[in-house]
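J.: missing the sequence, but the structure's below:
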Ligand SMILES: CSC[C@@H](O)[C@@H](O)C(=O)COP(=O)(O)O
Ligand SMILES: [Zn+2]
């Protein structure tokens with residue numbers, strides 16, 4: 001890809017941010033094997049996103065590619081994340097979204113397989129990491145959608161629920177999608193959500 005189409009340094013900064021995010025997610029154990037995908041919105045409206053199939057904790061610069069908002073690689077032949085459309089959907093829905101993270105934690109996988117179409121988080125101080133939350137004394141709904149290998153079809157199921165989604169969403173038996181205005185915010189929300197999911201899992205173990 002001709003990186004010169006981007007404002008000086010913007011693409012490189014995005015690649016560095018994605019590599020660092022992958023390492024941080026890997027330290028938590030949220031991107032086992034080749035799981036997870038990570039993206040950043042570029043100043044020209046395109047996206048930098050992880051290439052499909054690599055280990056997200058071991059990314060090099062060639063593990064990140066550019067796609068347009070339809071998920072089409074700018075460099076024909078590049079293979080973006082299999083879940084690119086879910087990233088594009090979030091950016092299209094939320095003009096403030098600047099980074100999107102997807103991981104496969106044990107807690108999100110197990111809790112979502114216990115049934116139900118949402119997790120309700122209540123009473124936790126850390127809920128305040130989510131947009132618009134100012135107190136533990138509130139309920140945060142995290143929707144759970146059934147997994148589907150047809151990502152376009154899955155995105156159509158997610159679409160009507162995106163409005164007002166505060167903490168991201170969970171795909172059953174699969175993992176979480178979280179986003180924020182920039183990578184630091186997205187990572188903070190992911191860490192907050194995963195902390196809360198780990199707490200919920202512990203609570204259920206204790207009955
Ligand atoms: C380890 S299989 C995980 C994949 O099927 C998928 O869910 C995933 O998160 C990573 O896919 P990728 O195409 O590398 O972005
Ligand atoms: Zn996944």
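T.: The structure has been received and is ready for your questions. These numbers were taken from a predicted model, which means no experiment stands behind them. Residues are numbered from 1 along each chain as shown. Ligands and ions are numbered 1, 2, ... in the order given.
J.: which residues in the chain form strands?
T.: 37-41, 47-50, 64-67, 99-103, 118-122, 139-145, 169-171, 175-180 (DSSP state E).
J.: roughly how far does residue 175 sit from ligand 1?
T.: 7 Å (Cβ to the nearest ligand atom, to the nearest Å). Where you see a C-beta, it was placed from the backbone N, CA and C, and this is true even at glycine.
J.: ok now do the residue nearest to that residue when sequence neighbours are not counted, which residues does it touch?
T.: Excluding the flanking residues, the one nearest residue 175 by Cβ to Cβ, 6 or more residues apart in numbering is residue 104, at 3.9 Å. Taking Cβ atoms under 8 Å, 6 or more residues apart in numbering, we find residue 104 in contact with 30-32, 35-36, 174-175.
J.: coming back round to it: mean neighbour count and mean pLDDT added to the strands of the chain, as a markdown table?
T.: Converted to a markdown table, the strands of the chain look like this (neighbours: other Cβ atoms under 10 Å; pLDDT from 0 to 100):
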| stretch | mean neighbour count | mean pLDDT |
| --- | --- | --- |
| strand 37-41 | 27 | 99 |
| strand 47-50 | 25 | 98 |
| strand 64-67 | 23 | 98 |
| strand 99-103 | 28 | 99 |
| strand 118-122 | 17 | 97 |
| strand 139-145 | 19 | 97 |
| strand 169-171 | 25 | 98 |
| strand 175-180 | 25 | 98 |
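J.: can you redo those strands as JSON lines with distance to residue 79?
T.: What follows is those, written out as JSON lines (distance: least, Cβ to Cβ, whole Å):
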{"stretch": "strand 37-41", "distance to residue 79": "12"}
{"stretch": "strand 47-50", "distance to residue 79": "10"}
{"stretch": "strand 64-67", "distance to residue 79": "8"}
{"stretch": "strand 99-103", "distance to residue 79": "16"}
{"stretch": "strand 118-122", "distance to residue 79": "32"}
{"stretch": "strand 139-145", "distance to residue 79": "24"}
{"stretch": "strand 169-171", "distance to residue 79": "21"}
{"stretch": "strand 175-180", "distance to residue 79": "20"}
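J.: of all those, which one comes closest to residue 162?
T.: Of all these, strand 169-171 sits nearest to residue 162, with 8.4 Å by Cβ to Cβ.
J.: how far does that closest one sit from its chain's centre?
T.: Computed by Cα atoms, centre = their mean, to the nearest Å, the separation of strand 169-171 from the middle of its chain amounts to 10 Å.
J.: isn't residue 92 right up against residue 69?
T.: Yes - Residue 92 is within contact range of residue 69, at 6.3 Å (criterion: Cβ atoms under 8 Å).
J.: tell me how many other residues surround residue 150.
T.: 8 (other Cβ atoms under 10 Å).
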